[in-house]
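Chemist: How does the following fold in three dimensions:
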Amino acid sequence: MRRPPSPFNLSHTATRRSSERKRLGAPLTEKMESDAAVRRIKPLVTHRYAAQDGERPSDRCEDNGYSDDPKRKPEVRLLLLREGLAAALLSGFVLLLWGLVHLSLQQLVIGKPSGEFNAGRARQHLEKITSVGPRPVGSQENEVLTVNYLLEQIENIRVRTAAGPHRLTVDVQRPTGSFSIDFLGGFTSFYDRVTNIAVKLEPKDGAQHLMLANCHFDSVANSPGASDDAVSCAVMLEVLHALANQSTPLHHGVVFLFNGAEENILQASHGFITQHPWAKLVRAFINLEAAGVGGKEVVFQTGPENPWLVQAYVHAAKHPFASVVGQEVFQSGVIPSDTDFRIYRDFGNIPGIDLAFIENGFIYHTKYDTANRILTGSIQRAGDNILAVLKHLVTSEKLADSSEYRHGNMVFFDLLGVVAVAYPARIGTIVNYMVASATFFYLAKKASLPGNRGGRYIWDLACATGVVVLGWFVTLLSVLIVALLITLLGHSMFWYTHFYAAICLYGAAATGKMILIQTLAKNLYYGGVRLVELGSLYFDVSLLLWGCCLVWLTQRGLCSAYVPMLMVAFPLITRLLLMKEFKHRGASLKYSGLYLLGLALPYVHFMFLIWVVFEIFTPIMGRSGTEIPPEVVMASLVTLAIIVLSSYFLHFIYLVRSTKWILAALGSTFVVMFLLVSAGLFFPYSGNPNSPRPKRIFLQHTTRTFHNLQGQVESRDSGIWINSFDFTAVQHITPHIPEINDSIRTRCREDRPFCGYPWFLPVKFLSRKNWYLPAPKVSPGSPVEFSLLSKEVTSWGTVKMTFSVNGPSHMSLYLMPHRGASLSSWSLGDGTPQFDLNGEYFVFYSHGLDAPTWTFWFEIQPPTEPDPAGPEGMISVAISTHYFFGEDRRTAQLEEILHKFPTWAFPSSWKHKPTPALRPGLPEKDLYHCVGGAEQLTEQDRRSGHHKPHAHYSHSGCMTKTFYSHTGFVLETLQ
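Modeler: Numbers count the residues shown, from 1 in each chain. This is a model prediction of the structure:
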């Protein structure tokens, strides 16, 4: 039966003419080269590539279009790869590069340490700081014990270096301030007497220009905070020691800022940069942070602009580890995190470098973030880098007049931590367009060859591109269907502890699907087309797609465009160098090996970026809330990684004799893994102390009281409010604690601020599934005092209300104007209420020691007409108080339920090993809870200006990062 012409073939006219010449015995007049357009050759006159039994390897090739005319050149044999050899080459290539990436990550220090930075002494600082346990703002551990230790060490350095060429000045700052930030949807922050320790090191005759180095010594309330961020402060102490002991005086000064309120959403850094007199002399900064525990510290943010800072890092850092891709991903907001970098950039208008540890984010902000998990090699490399970069910057003339070098961005990246590359973005734009032009010129030249005129090659290229893009879409859709099935079967996050299980399941599905689609295209649509020419065509498709990506990213002004530039330049050069080999021998072993060697550099760098993506996003899925389906995220990431890595491997599908065994192997892997996952053999979490993968969950023992417009108690209840911060909710908790089940699921009360529950931060959009287990009422020893001081109607028609609050170190204020009413001004931030979250405003409050009563006011514009369907009055006000330390942090009910959790869960319970010099006599086990109080004022009270306190409280056993709270709601309503 005659097969109809394929839509992917060339013109039928060319085919008919070729057939006529064959029938007449005329010799072929056109040379069939591997870089020509795809030619349709009828099966009767074309040697096929399918291997036959008994054929020798040398017979499995094609005659390259030559006839048996003895006057012609000898027959050229074009080889095709054996299926097993092709699979071994490609899989070996990928595994080798993946191994190189992991080897580079384990090689923390390259070469011998210089001896200037003493990692052993820095480790001693780390162990001392973390020995006091968690250090939340306002606690004795943070405000007294840690501060005293840091001041003692700084004083020792000052005394020992007093005779040297430098002067060391120490200032303990206790700032008070307020600002608004668009983090987590946006809220306003108020802080009072938080702690900063600022140390200025300068020449004896002073300095007019300062470099700032920043770390924070506070921690979240449920973690010793070794990596986040005690290790950075330990490194800074030792860097200060090394610089102060230099015999050569510095050209400029350095301020070492040990800030004590970063975990309270960047408060202490705001206090320094907006209020400290030294801040006016700061020209640039280095910020040391953590989003993981140990490993290498990576530069993931620089600027804004000021390319000289990146040049300084590249020039001076002994162990460079940096990526502009990370910077652009982080600043896009995809990663739900922020650092002091934002404060210095936005409020100080100074440029800087942001570094962070990113490995092992599974235990970030948990009890497992301990000093023993941070390798001394990590401390050494961080210290070597920070010391070298600071020494370079404080001797740089550019620091004195940084505005002159302000404009422009930098493209920067490292190659396996061995060498760093950096060049101005404007140079990168030129290079990118040059590479893109060379690519399109290469493709245009092929289209202009004599045998390709009339648009034949362009049509073939367009059709092949359509096959590839369609294959990508079908592959992604197919893998997402698998992810949906896994979710429906109740086995989400099976890869959280078993990462390579996701690679085997989703990777096998994606790879197999793409190979199947290309195999079907080869056999069904290109049945009579020379396979070597198809291999050449599909290489051109990959080149075209990467070239288009390069142009698009460059036009958008993204420095990350260097990645497609590498993925175009190296394959194109490799292709040009191997063109002669490919023409005369086809897909020989020599060609295949050299081809992969040419791809090695861009591929190893891209595989490093893939590692970074999975290293960051896999742990994030464990704390991203109940609303984001993790299987969709993981399946998409794996599929996109496979698509990118396979881009220059696609043409091998057309250069291999068969793919049936490869497809069988991938299919078998997928089926086996799907059955194993469906059977529940891969449990998401692990309590293994050597490699924990805990489930994060937090509980709050709370008593809530709601008042009506007349000040009467409308309702009151007590219970343990439970939140899970991953998609599996309490699915795996219920078998261990049966009383925590869906029968106690809460619902959002839209008529109450933040649904009527005590959110510590405005993250209710992340976790819409929570549970409320009835429990006895709780009463703290130090209840909150909340009162309305005054109420007045202004001459411009608003109502101004002034409140005072006296409570613990952490409180949350919620304001919900009713329909038709609006906040016009307040005493917080810059005076203008900002970040309206669906009609609600969130204010985060914290204070250090000996803070006075918090007084604030706001003005509200009354509605023109009351809303008959809504609540009475014009605004609802609620306040919650959170007790993270002290005598009020425990309840018997919390302690009882926390002991029921399995070892792989992370509730807020932990043990301390006290160090007598820093923390004598503290108990070994601490369970804390959160307490709140509130007051509802009657109409008569409001008119008279008097107040009548009604206290109500809650306790919280808190389990994830900063999300610990209780709330007592104050509903302040005016007619």
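
Chemist: Number of residues surrounding the residue lying closest to Q208 once chain neighbours are set aside?
Modeler: Excluding the flanking residues, the one nearest Q208 by CB to CB, 6 or more residues apart in numbering is L281, at 6.4 Å. Where C-beta positions appear, they are placed from N, C-alpha and C, glycine not excepted. Each residue near L281 was counted by other CB atoms under 10 Å, and the total is 17.

Chemist: give the contact list for L281.
Modeler: L281 sits next to A207, Q208, H209, L210, G253 when contact means CB atoms under 8 Å, 6 or more residues apart in numbering.

Chemist: Show me those that map onto strands.
Modeler: Among these, DSSP state E puts L210, G253 in strands.

Chemist: Out of the contacts of L281, which end up buried?
Modeler: The neighbour count (16 or more other CB atoms under 10 Å) marks A207, H209, L210, G253 as buried among the contacts of L281.

Chemist: Out of the residues you listed, which comes closest to V94?
Modeler: The shortest approach to V94 among those belongs to L210, at 48.2 Å (CB to CB).

Chemist: these two touch, right, that closest one and K280?
Modeler: No. Applying CB atoms under 8 Å, one finds L210 not in contact with K280, separated by 9.1 Å.

Chemist: right, and E83 touches F652 too?
Modeler: No. The criterion here is CB under 8 Å, and E83 misses it with F652 at 10.4 Å.

Chemist: the more surrounded of these two?
Modeler: More crowded of E83 and F652, by other CB under 10 Å: F652, with 24 against 17.

Chemist: Sticking with the more buried one, tell me its helix or strand.
Modeler: helix 650-653 (DSSP states H and E).

Chemist: Identify each buried residue in stretch 346-366, please.
Modeler: For stretch 346-366, the neighbour count (16+ other CB under 10 Å) marks 347-348, 350-366 as buried.

Chemist: can you check stretch 898-907 too?
Modeler: For stretch 898-907, using 16+ other CB under 10 Å, the buried residues are L898, F901, W904, A905, F906, P907.

Chemist: Among those, which one lies nearest to A587?
Modeler: For the buried residues of stretch 898-907, the minimum distance to A587 (CB to CB) is 49.6 Å, reached by W904.

Chemist: Do I have it right that the closest one meets I697?
Modeler: No. Contact criterion CB under 8 Å: W904 and I697 do not qualify, at 11.0 Å.

Chemist: Helix, strand or coil: sort out the closest residue to R135 other than its chain neighbours for me.
Modeler: Excluding its sequence neighbours, the residue lying closest to R135 (CB to CB, 6+ apart) is N142, at 3.9 Å. Per DSSP: H, G, I helix; E, B strand; the rest coil, the secondary structure class of N142 is helix.

Chemist: what sits against the residue minimising distance to the centre of the chain?
Modeler: Residue closest to the average C-alpha location in the chain (CA atoms, centre = their mean): I335, at 4.0 Å. By CB under 8 Å, 6+ apart, the contact set of I335 is A291, V329, I616, I620.

Chemist: Could you rank those by neighbour count and give me the top one?
Modeler: Sorting the contacts of I335 by how many neighbours each has (other CB under 10 Å) puts A291 first, at 23 neighbours.

Chemist: List the contacts of that residue.
Modeler: D228, I335, S337, A356, F357, I358, G361, Y364, I616.

Chemist: part of a strand, is the fourth one?
Modeler: Meaning A356. Yes. According to three-state DSSP, A356 belongs to a strand.

Chemist: Is it correct that it is in contact with D340?
Modeler: No. The pair A356 / D340 is not scored as a contact, 11.1 Å apart, by CB under 8 Å.

Chemist: joint contacts of the two?
Modeler: In contact with both A356 and D340: E289, using CB under 8 Å, 6+ apart.

Chemist: just for the stretch 801-950 of the chain, where's the confidence low?
Modeler: For the stretch 801-950 of the chain, applying pLDDT under 70 flags the ranges 867-871, 908-950.

Chemist: Could you pull out the helices in it for me?
Modeler: Taking DSSP state H, counting those that start in this stretch as the criterion, the stretch 801-950 of the chain carries its helices at 892-898, 939-944.

Chemist: swap in the stretch 101-250 of the chain?
Modeler: 119-130, 140, 147-160, 231-244.

Chemist: Flag the shaky bits of the stretch 451-600 of the chain, pLDDT-wise.
Modeler: If you take pLDDT under 70 as the line, the stretch 451-600 of the chain has these spans: 453-454, 528.

Chemist: okay, now the nearest residue to N409 once chain neighbours are set aside: neighbour count?
Modeler: Counting by CB to CB, 6+ apart, N409 lies nearest to A425, which is 4.1 Å off, once chain neighbours are set aside. Residues near A425, counting by other CB under 10 Å, number 22.

Chemist: Please shift the residue numbers so they start at 177 in all later answers.
Modeler: Sure thing, new numbering starts at 177, so read that last one as A601.

Chemist: dump the residue contacts of A601.
Modeler: Listed by CB under 8 Å, 6+ apart, the contact partners of A601 are P483, G584, N585, M586, V587, G733, C735.

Chemist: Against Y367, how distant is L785?
Modeler: Counting by CB to CB, to the nearest Å, the gap from L785 to Y367 is 37 Å.
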